[in-house]
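>>> could you look at this predicted model? Sequence included:
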Amino acid sequence: MSRVERIARVISRIALGCAALALLASLAAIAYSVIRRYVFGAPVAWTDELVGYLLVASVMLAAADALFAGEHIAVDLLTDRLRARGKRIAFLFGLAAVAASALLLVFEGVGTVQFSRQVGLRSNGDLALPLWLPQLLVPIGALLLLFAAVVLFVVVARGGVVPHERTTPVQGIE
């Protein structure tokens, strides 16, 4: 494993940890809201907004690690029928598509963040957060995904193992 790949994997693991923390915070916010509503009869209005932002954080921050682990959605109906070289080419094509999509998300996300910050947009909910703060999660997560896709592309192009390639069949699926 190259130094750049190690760094990319460590960064994606740290981001995955942050995504896990966002999910735990989401769980805590929902539990707090339920207890306040049904035990004390005093509902909390800001929970849905906060949980929405935390969901975006968990998805965007976990995407790069999921790519490294080979856990992104893949349609392997056709690629399973290909030989090793064909599978590698299909995987590289997929990584190029992921990188292009991530690059688009980075540029558009940064533009959205800049606009929201410049205009001073705030959320309509009870939190009234500056919108650029939760929007910033999109370009950050997309940048992590882009880095992971480029690193994996180089690794696989140099003959490395395709992350989701199984050497043994899944039990019970024929």
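Looks like it came in fine. Numbering: from 1, shown residues only.

>>> skipping adjacent residues, who's closest to the most centrally placed residue in the chain in space?
For the chain, the residue nearest the mean C-alpha position is Ala63 (2.4 Å; Cα atoms, centre = their mean). Excluding its sequence neighbours, the residue lying closest to Ala63 (Cβ to Cβ, 6 or more residues apart in numbering) is Leu145, at 4.6 Å. C-beta: built from backbone N, CA, C; applies to glycine.

>>> so the residue nearest to the centre of the chain sits in a strand?
No. Using DSSP: H, G, I helix; E, B strand; the rest coil, the assignment for Ala63 is helix, not a strand.

>>> who touches it in this structure?
72, 141-142, 144-145, 148 (Cβ atoms under 8 Å, 6 or more residues apart in numbering).

>>> of the residues you listed, closest to Thr112?
Ala142 (11.5 Å; Cβ to Cβ).

>>> which stretch of helix or strand covers the closest one?
Element membership of Ala142, judged by DSSP states H and E, is helix 137-157.

>>> which secondary structure elements does the helix or strand Ala100 falls within contact?
Using DSSP H and E, Ala100 sits in helix 84-119. Identification of packing neighbours for helix 84-119 by 3 or more Cβ pairs under 8 Å, 6 or more residues apart in numbering; DSSP states H and E yields helix 132-135, helix 137-157.

>>> how distant is that helix from the center of its chain?
In terms of Cα atoms, centre = their mean, to the nearest Å, the centre of helix 84-119 is set 12 Å apart from its chain centre.

>>> orientation of that helix relative to helix 137-157 in degrees?
160 degrees (axes from the mean of the first three to the mean of the last three Cα atoms, to 10 degrees).

>>> quick one: mean pLDDT for helix 84-119?
For helix 84-119, the mean per-residue pLDDT is 94.

>>> list the buried ones in that helix?
Using 16 or more other Cβ atoms under 10 Å as the test for burial, helix 84-119 gives 87-88, 90-91, 94-95, 98-99, 102-103, 105-106, 109-110, 112-113, 116.
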